[in-house]
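Visitor: Provided below for reference: sequence and predicted model.
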Amino acid sequence: MNSAAFVVIAILTLAAALATATLQKLMHAALCFAVALVGVAAFFLLLGAEFVGLVLVFVYIGAVAVLIVFTILLTRRDIGKDRGFNWGGVLVAVAVFCGLTWSILKTQSLSSVAPHIRVLTVKRIGEALMTSYVWPLQCIGLLLTAALIGALILVMEERG
Amino acid sequence: MSSSLDQIFVTAKRWLLSWLAGTPDWIIQIASSLLNIFALLAVFLTLFALISVLERKILARMQNRYGPNRVGPFGLFQPIADGIKMLIKEDIVPARADRVVHFLAPVLIAAVAILTLGVIPYGRNMTPFAIDGGILFFFAVGSATELAVFMAGWGSNNKFSMLGAMRAIAQMFSYELPLIIAVLPVVMVVGSLTPDKIVAAQAQYTFGFVPRWFVFTPWGATAFILFFVSGLVESNRTPFDVPEGESEIVAGHMTEYSGFKYATFFMAEYLGMFAVSGLAVTLFLGGWHAPALSLEIVPSYVWFFIKLSALLFVYIWLRGTLPRIRVDQMMNVAWKFMLPMAFTCVIAAAVWHYAGRGLRGWLWSLVVIAIVYTALSILLDTRRKFAPRAYRFAE
C-alpha cells in the first residue's frame, strides 16, 4: 500500500512541478507550485516524519505560497500576459539534475537497505531543539526578530 | 466507565467493519476511514443546516421579529428549501474570469474546512483522524484557507473580489498569530500536540468538584478569550466581517459566485466556525468531559456538542449585538493588544507550572496577567479627551 501511495504522490508532485515550469500564466504556475509542495509534504508524512511534513504545509502553503502570489500581484502590471519559454531555466534544471544524480551514484555511504530508526516524535524534536541545538535556535530567533523589525521600519510612515 | 451508550458509535463502527473480516488489511483500513468521513460529513452537514435556520431564528428574536416560519413546523425545513433554491440557481461565471481557479476556490475552501474538523475528539475514543500532531495538522491545513480566498478573489477578475480577498487575507494573517500563540500555553502545560492527550489532561476534578479545565486557570481564561476572538476573525464573522462588508465591497471575494458555489462558500464558513469552536472546546473547555462527576452518566459526545452549541450561540449572539468594526481598528487590536497578551499567557502558564500548579501558581499567573493587562491598557490609551461636539451650522 505504501509503494502504491508513493507512486501516486510521485506522479502528482512531478506533474505539478512540470506544470509550474511550463504553464503560460504566472499565477497558474504559482498555484501549481503550491500543489507540488503539498506533494513533498505528503512524502514526509509517508515516511513517518509527521512534524516535518506538517510544518512544510504550514510554512510553505500558508505563508510562502501566499507571499509568492501577492508578490506577483503587486509587482506585475500584466499578470495575464504569457511569459514565453525560458531555455536558460531548462539548462539550469538539467544541470542540477545531472549533478545530483552523479553525486548520488558516486557516493559510497548509502546502503540500499533502510536503516532502523526510532520514530521521530514532536517531543524528541522539541527536546533536541531545547538542549543540543539551543544556540542555533536562539540565533534564528534573533534573525527573524530583526527581519520583522526591519520590515516594520520599511513600511513605517514618515512623519513630519 | 465506558458504558454501552457512551461507546455506541464506536461499537457500531466495529460491528460494520466485522462484516469485512477476512479481507486484506488495507481494505479494512480504507473502509474504516470512509466510515469516519461519512459520519463526519453527515453530522456536520446536518448541524450546518440546523444552525443556518437557528441563527436566523435567534437573530430574528433579538431584532424583535419572527424569522423564517413558513416552511414546515417552526420553519425548520427552511434549509431544505434553501438547498433546493441554491441547486437550481444559474451558475454564472464572469466572461473574463479565470475559469479553473474560479471553480477550484470553493472546492479548496470547503475541503480545508472539512479536513480541520477531522482531528477534533468528539467523544471517548471518537477522534475521526487521530494523529500525533493533531493541533499542528489543524493549523497547517487551515492555513490553506488563505490561498483559497486569494484564488476566489483573483480568479473572479473583479475589483471588489480582489479587494475583499486582500482584506480577508490581511486579517487572517494578523489574527493567526494570536490564535496560534494562545494555543501554545496549553501545548506547553500538557506537553503534547495530540488533541486526545490534551483532553485527557483535563479529566480530573480539583477539590472533587471543580473540573480541571484549562479555562478555570487565569492563563487559560485569557488564552480562551484570545482564541475565541481570533476564531471569530478567522471565520469572518460579525463584528469582524470586514472582508465581505456588503455596504462597501458587495460581498468581498464571493461577489462573483452564484448558486451552489456561493452555497459552498457559505457552508465552508460555517464548517470553519464549527472547527474553531470545536478546537476551543478541546483545548480549554475540557473536550468531551462532563462538568461534574455525577453527570458522567451522560455520554461524552453529548457533552462535546452541548459545549459546541454554547459557543455557537455566543457567535450568533455577538452577530446580533455588535456592529462591524473598521479595518484599522481591527489591525491595531491584533498587533498591539492581542499579540502581547498571547505572549503573556505563555509566560503566565510557565509561572503557573513552576509555582506548583496549585493555588499559589493560580494567584501568581493571575498577577502576571493583571500587570501586563494594566500596562498595555495604560500604554495604548490614546488619552483622547471627549468634549462636547462643536456644531457648525450653515449661515
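Guide: On my side now, so go ahead.
Visitor: any residues of the stretch 51-200 of chain B in contact with chain A? List them.
Guide: Residues of the stretch 51-200 of chain B lying near chain A by CB under 8 Å from any CB of the partner chain: B:98, B:100-101, B:131-133, B:136-137, B:139-141, B:143-144, B:146-147, B:150-151, B:154, B:169, B:173, B:176, B:191-193. Every C-beta, even on glycine, is put in place using the N, C-alpha and C of the backbone.
Visitor: give the residue spans of the chain that score low on pLDDT.
Guide: Reading this off chain A. Scanning chain A with the threshold set as pLDDT under 70 gives A:1, A:77-85, A:110-117, A:119, A:158-160.
Visitor: please refer instead to chain B.
Guide: Ranges of chain B meeting pLDDT under 70: B:1-2, B:208, B:245-246, B:382-386, B:394-395.
Visitor: quick one, what contacts the residue in chain A that chain B sits nearest to?
Guide: Nearest residue of chain A to chain B: A:G62, at 2.6 Å (CB to the nearest CB). Residues near A:G62 by CB atoms under 8 Å, 6 or more residues apart in numbering or on different chains: B:F139, B:A140, B:S143, B:A144, B:E146, B:L147, B:E176.
Visitor: let's see 10 Å
Guide: By CB atoms under 10 Å, 6 or more residues apart in numbering or on different chains, the residues touching A:G62 are B:F139, B:A140, B:V141, B:G142, B:S143, B:A144, B:T145, B:E146, B:L147, B:M172, B:F173, B:E176.
Visitor: how about CSV for the residues you listed, with secondary structure added?
Guide: What follows is the contacts of A:G62, written out as CSV (DSSP: H, G, I helix; E, B strand; the rest coil):
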residue, secondary structure
B:F139, helix
B:A140, helix
B:V141, helix
B:G142, helix
B:S143, coil
B:A144, helix
B:T145, helix
B:E146, helix
B:L147, helix
B:M172, helix
B:F173, helix
B:E176, helix
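Visitor: export the residues you listed to a markdown table and tack on neighbour count?
Guide: Compiled in a markdown table, the contacts of A:G62 are given as follows (neighbours: other CB atoms under 10 Å in any protein chain shown):
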| residue | neighbour count |
| --- | --- |
| B:F139 | 19 |
| B:A140 | 23 |
| B:V141 | 23 |
| B:G142 | 24 |
| B:S143 | 23 |
| B:A144 | 23 |
| B:T145 | 24 |
| B:E146 | 25 |
| B:L147 | 22 |
| B:M172 | 23 |
| B:F173 | 15 |
| B:E176 | 21 |
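Visitor: quick check: the farthest pair among the residues you listed?
Guide: Pairwise distances among those were taken by CB to CB; the largest, 16.3 Å, belongs to B:V141 and B:F173.
Visitor: surely B:S33 meets B:P128?
Guide: Yes: B:S33 is in contact with B:P128 according to CB atoms under 10 Å; the separation is 8.5 Å.
Visitor: chain neighbours aside, what residue packs nearest to whatever residue of the stretch 101-250 of chain B ends up closest to chain A?
Guide: Nearest residue of the stretch 101-250 of chain B to chain A (CB to the nearest CB) works out as B:S143 at 2.6 Å. Closest residue in space to B:S143, ignoring its immediate chain neighbours: A:G62 at 2.6 Å, by CB to CB, 6 or more residues apart in numbering or on different chains.
Visitor: count the residues that sit near B:R61.
Guide: 12 (other CB atoms under 10 Å in any protein chain shown).
Visitor: that one reaches B:N69, doesn't it?
Guide: No: if you go by CB under 10 Å, B:R61 and B:N69 don't touch, sitting 11.5 Å apart.
Visitor: not counting its neighbours along the chain, what's nearest B:A350?
Guide: That would be B:M188: by CB to CB, 6+ apart, it lies 7.1 Å from B:A350.
Visitor: what's the helix or strand for that neighbour?
Guide: If you go by DSSP states H and E, B:M188 is part of helix B:159-190.
Visitor: now that helix: buried residues?
Guide: Buried residues in helix B:159-190, defined by neighbour count with 16 or more other CB atoms under 10 Å in any protein chain shown: B:160-172, B:174-187, B:189-190.
Visitor: can I get whichever helix or strand comes after that helix in PDB? Just the C-alpha atoms.
Guide: Tracing the chain C-terminally past helix B:159-190 and defining elements by DSSP H and E, one meets helix B:195-200 next. Taking C-alpha atoms only, helix B:195-200 is exported to PDB below (Å, rounded to 0.1, in the frame of the first residue of the first chain):
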ATOM      1  CA  PRO B 195      -5.800  16.500  21.000                       C
ATOM      2  CA  ASP B 196      -6.700  13.300  22.800                       C
ATOM      3  CA  LYS B 197      -3.900  13.900  25.400                       C
ATOM      4  CA  ILE B 198      -5.000  17.500  25.800                       C
ATOM      5  CA  VAL B 199      -8.500  16.300  26.600                       C
ATOM      6  CA  ALA B 200      -7.200  13.600  28.900                       C
END
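Visitor: by contact count, what packs against helix B:195-200?
Guide: Identification of packing neighbours for helix B:195-200 by 3 or more CB pairs under 10 Å, 6 or more residues apart in numbering or on different chains; DSSP states H and E yields helix B:134-142, helix B:159-190, helix B:259-284.
Visitor: who touches it?
Guide: Here helix B:195-200 makes contact (CB under 10 Å, 6+ apart) with B:119-121, B:123-127, B:129-135, B:137-138, B:183, B:186-187, B:189-192, B:194, B:214, B:278-279, B:281-289, B:300, B:304.
Visitor: following it, which helix or strand shows up next?
Guide: Per DSSP H and E, the helix or strand that comes after helix B:195-200 is strand B:205-206.
Visitor: contacting residues around that following strand?
Guide: When contacts are defined by CB under 10 Å, 6+ apart, strand B:205-206 is touched by residues B:P211, B:R212, B:W213, B:F216, B:H289, B:P291, B:A292, B:L293, B:R357, B:G358, B:L359, B:W362.
Visitor: with stretch B:72-86 instead?
Guide: Under the criterion CB under 10 Å, 6+ apart, residues B:45-46, B:48-54, B:56-57, B:60, B:66-71, B:258-264, B:266-267 lie in contact with stretch B:72-86.
Visitor: tell me which residues of that stretch are tucked away?
Guide: For stretch B:72-86, a neighbour-count test (16+ other CB under 10 Å) marks B:G75, B:L76, B:Q78, B:P79, B:D82, B:M86 as buried.
Visitor: what's the answer for stretch A:23-35, then?
Guide: A:L23, A:K25, A:L26, A:M27, A:A29, A:A30, A:L31, A:C32, A:F33, A:A34, A:V35.
Visitor: same thing with stretch B:258-267?
Guide: B:F260, B:K261, B:Y262, B:A263, B:T264, B:F265, B:F266, B:M267.
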